[in-house]
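Asks: Model the structure of this input:
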Amino acid sequence: MDKVSVENAFLDVSDYARPAARWLARRLAPTPVTPIHLTLAYTVVGCAAGILFALHRWLPFAGGLLLLKSLLDAADGSLARARRHPSRVGRFLDSVCDFVVMAAVFGGIAFSAWSQTGQTFYWGLAAAALLCATLQGSVYSYYYVRYREETRGDQTSRVGESAPEGYTWDHPTLLRCLYALYRLIYGWQDALMIRIDHWAAPAGGVRLRPAFLTTVSVLGLGTQLAVIALCAVIGQPTWALWLFNTVFNFYWLALIAVRCLSGRLAPTHNSGAC
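Replies: Residues are numbered from 1 along each chain as shown. Below you'll find the model as predicted:
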């Protein structure tokens, strides 16, 4: 039920819900519940959190809903792997629904701040935070998918996602629609990450290592939701907007710099990469 083998496993900071997700997937495996049911369920849960943020009510509960979203999000893939029935429809639906949840949460925070202060500035801050958080998540996804390819792990996701190829059981029309939505939301980010990483570590550079994946996992969606949940618990959800616009941007740029430096120091690497 894991995306990489035991010998290639790393500490994934954003995947804190995985143990509970494995437990849930084992319980659901013999039932009619499908991974797509779980994906749709976490979308409802995440949007409900966004509504609570907009109302500025029960903020700790809203934060708890985001953690529940992380659990259900981890469980849908675990359930598919437990049944040995991966789905490209599920893969693209998962990414699109992740964006819907984040848009609902950031929109809810912006609406609450605007309604309390009358400052339209918060709408721009939230839009920038959504853009930055999505890009930061794409940094994590890019390296995680690359790592799975290198270690022959789960292949449901692919670097660049250049074609809507699916399994024989994937509905072709639904697959094409979800792929089009995925490309609209994430296509430019995938292309950007490919170019950035090719610049930082051209062919022949250092391979991805578990330690690097652990540092990158700080940018994962699970971590992002945990940060928003923490800000909600302390009654300051707008702090999350600032964090994604500042601290997390500096963090992922620093990771790229480290990867570039590692490539320069590698004995087999062309030292002119940077």
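
Asks: where's residue 108 relative to residue 39, distance?
Replies: Distance of residue 108 to residue 39, computed by C-beta to C-beta, to the nearest Å: 20 Å. Using the backbone N, CA and C atoms, a C-beta is placed for each residue, glycine as well.

Asks: cool, and residue 59?
Replies: Relative to residue 39, residue 59 is positioned 25 Å away (C-beta to C-beta).

Asks: Please apply the same query to residue 10.
Replies: Residue 10 sits 25 Å away from residue 39, going by C-beta to C-beta.

Asks: When these two are compared, which one has more neighbours?
Replies: residue 39 (22 against 19; other C-beta atoms under 10 Å).

Asks: can you give me the helices for this protein?
Replies: 18-28, 35-55, 59-82, 88-117, 121-150, 172-200, 210-216, 221-233, 238-245, 247-265 (DSSP state H).

Asks: which one is the most centrally placed residue in the chain nearest to, not counting chain neighbours?
Replies: The geometric centre of the chain, computed from its C-alpha atoms, lies nearest to residue 221 (C-alpha atoms, centre = their mean), at 3.8 Å. Counting by C-beta to C-beta, 6 or more residues apart in numbering, residue 137 is the residue found nearest to residue 221 once chain neighbours are left out, at 5.2 Å.

Asks: Which residues are in contact with that neighbour?
Replies: By C-beta atoms under 8 Å, 6 or more residues apart in numbering, the contact set of residue 137 is 98, 219, 220, 221, 224.

Asks: Pull out the buried members of those.
Replies: 98, 219, 220, 221, 224 (16 or more other C-beta atoms under 10 Å).

Asks: quick one: pLDDT of the third one?
Replies: Note on residue 220: pLDDT of 97.

Asks: Got the phi and psi for it?
Replies: Dihedral angles of residue 220 (phi, psi; degrees, to the nearest 10) stand at phi -70, psi 160.

Asks: Next, count neighbours for the closest residue to it other than its chain neighbours.
Replies: Counting by C-beta to C-beta, 6+ apart, residue 220 lies nearest to residue 14, which is 2.5 Å off, once chain neighbours are set aside. The tally of other residues near residue 14 (other C-beta under 10 Å) stands at 22.

Asks: Give me the mean pLDDT for stretch 62-73.
Replies: Across stretch 62-73, the average pLDDT comes to 98.

Asks: Residue 148: neighbour count?
Replies: With other C-beta under 10 Å as criterion, residue 148 counts 22.

Asks: who touches it in this structure?
Replies: 3, 4, 154, 155, 157.

Asks: For those residues, which entry has the maximal number of neighbours?
Replies: With neighbours defined as other C-beta under 10 Å, the most crowded of the contacts of residue 148 is residue 3; it has 22 neighbours.

Asks: count of neighbours near residue 133?
Replies: Count around residue 133 with other C-beta under 10 Å applied: 27.

Asks: Most widely separated two among the contacts of residue 148?
Replies: 4 and 157 (12.3 Å; C-beta to C-beta).

Asks: Roughly how far does the spatially closest residue to residue 252 that is not a sequence neighbour sit from residue 115?
Replies: Leaving aside its chain neighbours, residue 252 sits nearest to residue 139 (4.9 Å; criterion: C-beta to C-beta, 6+ apart). To residue 115, residue 139 is 33 Å away according to C-beta to C-beta.

Asks: And the two? Which one has more around it.
Replies: Just comparing residue 139 and residue 115: by other C-beta under 10 Å the higher neighbour count belongs to residue 139, 23 against 12.

Asks: can I assume the more buried one is in contact with residue 215?
Replies: No: with contact defined as C-beta atoms under 8 Å, residue 139 does not reach residue 215; the gap is 10.9 Å.

Asks: joint contacts of those two?
Replies: When contacts are counted by C-beta under 8 Å, 6+ apart, residue 139 and residue 215 are jointly contacted by residue 255.

Asks: In terms of model confidence, name the weakest of the contacts of residue 148.
Replies: Lowest pLDDT among these: residue 155, 80.
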